[in-house]
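Visitor: Make a model of this:
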Amino acid sequence: MKLLVVEDEHKIANSIKKGLEQESYAVDVAYDGENGFDLASSEEYDVIILDLMLPKMDGLTICKKLREEKNKHAPILILTSKGEIDDKVVGLNAGADDYLAKPFAFSELLARIKALSRRPKQTLNSVLQVGKLTLDTSTYETRRDGKLIELSKKEYALLEYMMRHKGKVLTKDQIINNVWDYDADVLPNTVEVYVGYLRNKIDPTSPPTPLKLSGSRRLRGASKKEESLIKTVRGFGYKLG
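Guide: Below is the predicted model of the structure:
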């Protein structure tokens, strides 16, 4: 999942970013309202964490302008030091989905982000499945045919993005924009490397079991290996499923 944090206090913003990245999220950060609105209106995010008191453009204005754009429905979590009930009402009426007052526990922020991501914007399920491959976004467990697969954080983020867009051809630029941070210096070759890592882990590589002979008859056994899930679409990108 990809998140946007719009917070002018660098220490708070960077602390949130670090904590969320440790939870396998891709996180972009904006330190003022104008930059935050530009990112939110031009990129696709699963959740936007938005401070109210921002330089250049305040959080309420950002929230209202995003809700005026018909194709921008990412859940918005208002994050601010204002804790009065009237401020909460104003924020929610502006189009926010939730409200968290500072100071806060990171565990509560994380729980609210997970709750927002489960809301039916696109009916996000906690368990994604493609064939016999499953990914549980609540436990971060990946399995194929019931067997647990160990993934790095970036491999997990890449697989989640591909599974949420199963059957679609994804270009390298799309993958970079949705799996890596906005300011990350990532080359297309890096995508190839991580797709290779995933292939080695989720696609079967063992050779088919030899057919057994009984006299002159061939006994059909479990000789057909499972289909590879990640496919390269030459000249375009990759497709899962």
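Visitor: Strands of the chain, residue ranges please.
Guide: Counting by DSSP state E, residue ranges of the strands within the chain are 2-6, 26-30, 47-51, 76-80, 98-101, 127-130, 133-136, 141-144, 147-149, 212-214, 217-219, 230-233, 237-240.
Visitor: winner for burial among those?
Guide: For these, the largest average neighbour count (mean count of other Cβ atoms under 10 Å) is found in strand 47-51, namely a mean of 27. Every residue, glycine included, has its C-beta placed from N, CA and C.
Visitor: Identify each buried residue in stretch 65-75, please.
Guide: Buried residues in stretch 65-75, counted by 16 or more other Cβ atoms under 10 Å: Lys65, Leu66, Lys72, Ala74, Pro75.
Visitor: now, which of these sits nearest Val27?
Guide: Among the buried residues of stretch 65-75, Ala74 lies closest to Val27 (Cβ to Cβ), at 13.8 Å.
Visitor: how distant is the longest helix anywhere in the chain from the center of its chain?
Guide: Taking residue count as the measure and DSSP state H as the definition, the longest helix of the chain comes out as helix 188-202. The chain centroid and the centroid of helix 188-202 are separated by 17 Å under Cα atoms, centre = their mean, to the nearest Å.
Visitor: For that helix, give the mean pLDDT please.
Guide: Mean pLDDT, taken over the full extent of helix 188-202, equals 90.
Visitor: about what we covered before: which one of the buried residues of stretch 65-75 sits closest to Ala30?
Guide: Leu66 (13.0 Å).
Visitor: Now do the contacts for the closest one.
Guide: Phe37, Ala40, Ser41, Ile48, Lys72, Ala74, Ile76, Gly95 (Cβ atoms under 8 Å, 6 or more residues apart in numbering).
Visitor: quick one: pLDDT of the fifth one?
Guide: The pLDDT attached to Lys72 in the predicted structure is 67.
Visitor: sorry, back to before: who are the neighbours of the longest helix of the chain, in terms of helices and strands?
Guide: With contacts defined as 3 or more Cβ pairs under 8 Å, 6 or more residues apart in numbering; DSSP states H and E, the packing partners of helix 188-202 are helix 153-164, helix 172-179, strand 230-233.
Visitor: let's see it at 6 Å
Guide: Secondary structure elements in contact with helix 188-202, counted by 3 or more Cβ pairs under 6 Å, 6 or more residues apart in numbering; DSSP states H and E, are helix 153-164, helix 172-179.
Visitor: what inclination does it have with respect to helix 172-179?
Guide: For helix 188-202 and helix 172-179, the angle between their directions (axes from the mean of the first three to the mean of the last three Cα atoms, to 10 degrees) works out to 70 degrees.
Visitor: ok, residues contacting helix 188-202?
Guide: For helix 188-202, the surrounding residues in contact (Cβ atoms under 6 Å, 6 or more residues apart in numbering) are Leu133, Arg144, Ile149, Glu155, Leu158, Leu159, Lys172, Ile175, Ile230, Tyr238.
Visitor: quick one: the fourth one from His165, how far?
Guide: Spatial separation of Glu155 from His165 under the definition Cβ to Cβ, to the nearest Å is 16 Å.
Visitor: Of those two, which one has the most company?
Guide: The residue with more neighbours, out of Glu155 and His165, is Glu155; 21 against 16, by other Cβ atoms under 10 Å.
Visitor: Tell me how the chain divides into domains.
Guide: Described in terms of automatic domain parsing, the domain architecture of the chain consists of the residue ranges 2-117, 127-240.
Visitor: which of these sits most buried?
Guide: With neighbours defined by mean count of other Cβ under 10 Å, none of the domains of the chain is more surrounded on average than domain 2-117, at a mean of 18.
Visitor: Great, nothing more from me.
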